[in-house]
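**Q** 3D, please:
(one chain, ligands or ions: 3)
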Amino acid sequence: MQDLSSPNLQIDPDAANNRTVSSASGQESGSVRQKEKQLRLFAHIFNSVHEGIIVTDADKNMLFINPAFSTITGYSANDLIGKNLNLLHLGLMNDAFNHDDTWCSINENGYWQGEVVGRRKNDESYAECLSISTMKNDRGEINYYIGVFSDISERKAAEERMAYVVLHDFLTNLPNGLLLQDRLAQAISHAGREKHKVAVMCLDLDHFKAINDMLGHLVGDKLLQEVAKRISSVSRASDTVSRRGGDEFVIMLPDLETVDDATDIAVKLIDAISGLCIIDGNEIKITTSIGISIFPEDGCDGDSLIKYADAAMYHAKKNGRNNYQFFTNEMNQLALERMSIERKLCHAIEQQGFCLHYQPQVNLRSGRIIGVEALLRWNNPEIGMVPPEYFIPIAEETGLIISIGEWVLREACRQNSEWRMLGLPKITVAVNLSAVQFRQNNFGEMIKEILREYELDPSGLELEITESAVMHNAEASIALLLELKAMGLKLAVDDFGTGYSSLSYLKRFPIDKLKIDQSFVRDITVDSDDAVIVSTIINMARTLKLKVIAEGVETAEQLSFLKHQECDEIQGYYFSKPMPPEKINSLLASGYEVDGQWSYQSK
Ligand code: C2E
Ligand code: MG
Ligand code: MG
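**A** Numbering: from 1, shown residues only. Ligands and ions are numbered 1, 2, ... in the order given. Down below sits the predicted model:
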């Protein structure tokens, strides 16, 4: 038996067939030299290639191996020569390599190629790309099997890593949307055959953004990882828990017998997530809202089921959060309505379908109107008056708020400039900004350009920003607020008390005014907690040298309480509802002063 892994050995298939070469004539000796040269070349190739090569006889007893074979497998020629190929325990990637079919195919076709799992001498398995060909004699019988293979374990591992990255979320290592879609499609087709149900749950954390803004993205990321663990801990092994991005997770529950199974898991999820989390020393309690859709009742494809679970989740949010909702057809109706509103909003921008109403703001000491808040109104010819609280969130989600917001700013500044040109008492016009606008590039430049165009003194414009808008990326917000402040604008924090302001930031924000949210004002005379909150905000504002205005003042009792607490300004139906600009003209022209008489109502 020859060991071709020793450098001077030559392979000679003719010799193996006992056909010796005569050296009788000079011509013959020339051709012998030629053949020897050729054989040396073949041997060199055999010895130096990086692919492992193995030659066996017809019974698969190993005859030759090359050095690369030993390098890859760790077996020397001494270990193997004369022994049977089965010793190497090759296995197909998916099946046994020694499968009869594979060998039948090799014997029939004379060639086979595929990926197999090899086993090194140290018992480690590795992936190899193997081709096997046969060498037959004159009678067509197989004399040899020749196997050539390369070690592809590194490439395989890289491919697997790649496939993992493509199908998983980097933060939580959970499957991503792509993998979910795939598994969902499989689950649906399986459940269809077995007459089972599949549930899809869209799960969104409540107020996650506020936590992220307040405690920073690192804590936010760790919280998402913790939530991912908690969701996985209450899910079954067959469920797919995936992260869709942000604080949204989608869970697929295959093979359910009844809808009640989904309810049980939703309850468990809500419980598991709401348990206290301690992250970097911060005690965090977070809740979740879950929307559920069911195959086959709600939809028969993955996209629809996710869309419907999403619509149901939206309802869970509206329902006070920290609850779960099953999808209903009415929700679909509402989703369709939203889409139609979206289309109509686009037209309203093109066809100037908006107008502004203005609600007076009154100084409690002087009794004078010192400003108005511009409030957007949309009267759609088909659906009538649409409340801003309904269409503004849609405009924010779709990005339409950028152009709508710019229109509001222009119109409010134009109007205030007109009032000033008419010689009416100078007032400030307050414009509500949504968080999306606040993050808009060149926002400061745009404001400057508008003020220049309408020749309005910057002090005639106040911007109302909500706490969450400023707290999102607080450092960038401070820079923008400083820029706006330096221009001479006034800045107010709207709906104060409803967000998660950090007092240390509040001190650093260059703001002029806090607007106490109407939810606190509403009950100041009946709920002692609200009374305490309002008086605390007023005192705090005084300490921070900020002005304070109470929104939503509706009754004489509320007014009296606020006067007593020395609140600076008020705004509310008690004095006036928002009204069209021409009514503000006459109100300002009348030199109206609030003095004991608080019953102005717009008609
Ligand atoms: P907001 O900025 O807090 O505005 C005050 C809201 O309270 C207004 O509702 C106003 O009509 C209402 N209001 C005023 N006084 C009273 C009162 O005494 N009692 C009661 N119950 N309500 C009172 P509106 O006009 O429906 O606006 C709702 C919200 O829509 C606004 O809340 C604001 O967040 C948003 N919004 C309005 N216009 C715009 C806008 O041009 N841009 C942006 N981004 N948001 C706007
Ligand atoms: Mg406002
Ligand atoms: Mg408000």
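**Q** give me the neighbour count for F170.
**A** Counted by other CB atoms under 10 Å, the residues lying close to F170 total 8. In this view, the C-beta of every residue, glycine as well, is placed from N, C-alpha and C.
**Q** next one: phi and psi at it?
**A** Main-chain dihedrals, F170, degrees, to the nearest 10: phi -70, psi -30.
**Q** give me the pLDDT value at it.
**A** As predicted, F170 sits at a pLDDT of 94.
**Q** and for E115?
**A** For E115, pLDDT reads 88.
**Q** partner strands of the strand or helix carrying it and their direction?
**A** Using DSSP states H and E, E115 sits in strand 111-119. Paired with strand 111-119 in the same sheet, following DSSP bridges, are strand 91-92 (antiparallel), strand 125-136 (antiparallel).
**Q** CA atoms of it as PDB?
**A** Provided in PDB are the C-alpha atoms of strand 111-119 (Å, rounded to 0.1, in the frame of the first residue of the first chain):
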ATOM      1  CA  TYR A 111     -20.100  11.400 -10.000                       C
ATOM      2  CA  TRP A 112     -21.600  13.000  -6.900                       C
ATOM      3  CA  GLN A 113     -21.100  16.300  -5.200                       C
ATOM      4  CA  GLY A 114     -22.600  17.700  -2.000                       C
ATOM      5  CA  GLU A 115     -22.000  19.100   1.400                       C
ATOM      6  CA  VAL A 116     -21.300  16.600   4.200                       C
ATOM      7  CA  VAL A 117     -20.400  16.700   7.800                       C
ATOM      8  CA  GLY A 118     -16.900  15.200   8.400                       C
ATOM      9  CA  ARG A 119     -15.400  14.100  11.700                       C
END
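**Q** torsion angles phi and psi at the most centrally placed residue in the chain?
**A** Nearest residue to the geometric centre of the chain (CA atoms, centre = their mean): G245, 1.7 Å. Dihedral angles of G245 (phi, psi; degrees, to the nearest 10) stand at phi 120, psi 160.
**Q** and it, how far is that from L174?
**A** Distance, G245 to L174, by CB to CB, to the nearest Å: 11 Å.
**Q** if the residue nearest to the centre of the chain is in a bridge, with which residues?
**A** Applying DSSP bridges, one finds that G245 bridges with E248.
**Q** next structured bit after the helix or strand of the chain with the lowest mean pLDDT?
**A** Lowest on mean pLDDT, DSSP states H and E among the helices and strands of the chain sits helix 13-16, with a mean of 43. Tracing the chain C-terminally past helix 13-16 and defining elements by DSSP H and E, one meets helix 26-48 next.
**Q** return the distance of that next one from the chain's centre.
**A** 66 Å (CA atoms, centre = their mean, to the nearest Å).
**Q** would you enumerate the residues in contact with the residue of the stretch 301-450 of the chain found nearest ligand 2?
**A** Taking CB to the ion, ligand 2 has its nearest neighbour within the stretch 301-450 of the chain at N432, 4.4 Å off. By CB atoms under 8 Å, 6 or more residues apart in numbering, the contact set of N432 is E373, A374, L375, L376, V408, E464, D494.
**Q** excluding chain neighbours, what is closest to the second one?
**A** Spelled out, it's A374. Closest residue to A374 apart from its sequence neighbours, by CB to CB, 6 or more residues apart in numbering: A412 at 4.1 Å.
**Q** got the contact list for the one you found?
**A** Here A412 is in contact with L356, A374, V429, V431, L461 (CB under 8 Å, 6+ apart).
**Q** and the strand or helix carrying the second one with ligand 1, contact?
**A** Using DSSP H and E, the element containing A374 is strand 369-380. Yes: looking at strand 369-380 against ligand 1 by CB under 6 Å from any ligand atom, the contacts come from L375, L376.
**Q** assign L463 to helix, strand or coil.
**A** strand (DSSP: H, G, I helix; E, B strand; the rest coil).
**Q** any idea how far I278 is from it?
**A** Using CB to CB, L463 is found at 38 Å from I278.
**Q** E566 too?
**A** When E566 is compared with I278 (using CB to CB), they lie 41 Å apart.
**Q** the two: who's more crowded?
**A** When E566 and I278 are compared for neighbours, E566 comes out ahead with 13 against 9, by other CB under 10 Å.
**Q** pretty sure the more buried one sits against I538.
**A** Yes: between E566 and I538 there is a contact under CB atoms under 8 Å: 6.7 Å.
**Q** what's the distance between G299 and F327?
**A** In terms of CB to CB, G299 sits 9 Å off from F327.
**Q** neighbour-wise, which of the two wins?
**A** Legend: neighbour count by other CB under 10 Å for G299 and F327, higher for F327 (27 against 20).
**Q** surely the more buried one and I290 touch.
**A** No: shown here, F327 and I290 do not form a contact pair, counting by CB under 8 Å, at 11.2 Å.
**Q** quick revisit: gap between the residue nearest to the centre of the chain and L171?
**A** 10 Å.
**Q** after the helix or strand hosting Q325 comes which helix or strand?
**A** Assigned by DSSP H and E, Q325 falls within strand 324-326. With elements assigned by DSSP H and E, the helix or strand that comes after strand 324-326 is helix 329-350.
**Q** helices or strands next to that following helix in the packing?
**A** Counting by 3 or more CB pairs under 8 Å, 6 or more residues apart in numbering; DSSP states H and E, the packing neighbours recorded for helix 329-350 are helix 302-318, strand 369-380, helix 388-398, helix 401-421.
**Q** so what touches it?
**A** 307-308, 311-312, 314-315, 325, 353-354, 378, 380, 382-383, 386, 390-391, 394-395, 398, 400, 403-404, 407.
**Q** buried residues, it. List them.
**A** For helix 329-350, a neighbour-count test (16 or more other CB atoms under 10 Å) marks M331, N332, A335, R338, I341, K344, L345, A348 as buried.
**Q** one more: stretch 422-440?
**A** For stretch 422-440, the neighbour count (16+ other CB under 10 Å) marks 424, 427-438, 440 as buried.
**Q** now render the residues you listed as JSON lines, adding pLDDT.
**A** Converted to JSON lines, the buried residues of stretch 422-440 look like this (pLDDT from 0 to 100):
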{"residue": "L424", "pLDDT": "94"}
{"residue": "I427", "pLDDT": "97"}
{"residue": "T428", "pLDDT": "98"}
{"residue": "V429", "pLDDT": "98"}
{"residue": "A430", "pLDDT": "98"}
{"residue": "V431", "pLDDT": "98"}
{"residue": "N432", "pLDDT": "97"}
{"residue": "L433", "pLDDT": "95"}
{"residue": "S434", "pLDDT": "91"}
{"residue": "A435", "pLDDT": "86"}
{"residue": "V436", "pLDDT": "85"}
{"residue": "Q437", "pLDDT": "89"}
{"residue": "F438", "pLDDT": "83"}
{"residue": "Q440", "pLDDT": "84"}
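**Q** write out the residues of the stretch 501-603 of the chain neighbouring ligand 1.
**A** Q518, E551, G552, V553, E554, Q571, G572, Y573, P578.
**Q** where along the stretch 501-603 of the chain do the strands fall?
**A** In the stretch 501-603 of the chain, the strands defined using DSSP state E, counting those that start in this stretch lie at 513-516, 547-550, 569-570.
**Q** mind listing the strands the first one pairs with, and their directions?
**A** Just to be clear, that refers to strand 513-516. strand 490-496 (parallel), strand 547-550 (parallel).
**Q** can the first one be said to contact ligand 2?
**A** Yes: using CB under 5 Å from the ion, strand 490-496 reaches ligand 2 at D494.
**Q** what residues does the protein have near ligand 1?
**A** Proximity of the chain to ligand 1, by CB under 6 Å from any ligand atom, involves residues 359, 375-376, 387-389, 392, 405, 408, 432-434, 464, 494-495, 518, 551-554, 571-573, 578.
**Q** drop anything exposed from those residues.
**A** Judged by 16+ other CB under 10 Å, buried ones among the residues of the chain next to ligand 1: 359, 375-376, 392, 405, 408, 432-434, 464, 494-495, 518, 551-553, 571-572, 578.
**Q** out of those, which touch ligand 3?
**A** Residues of these in contact with ligand 3 (CB under 5 Å from the ion): D494, D495, E551.
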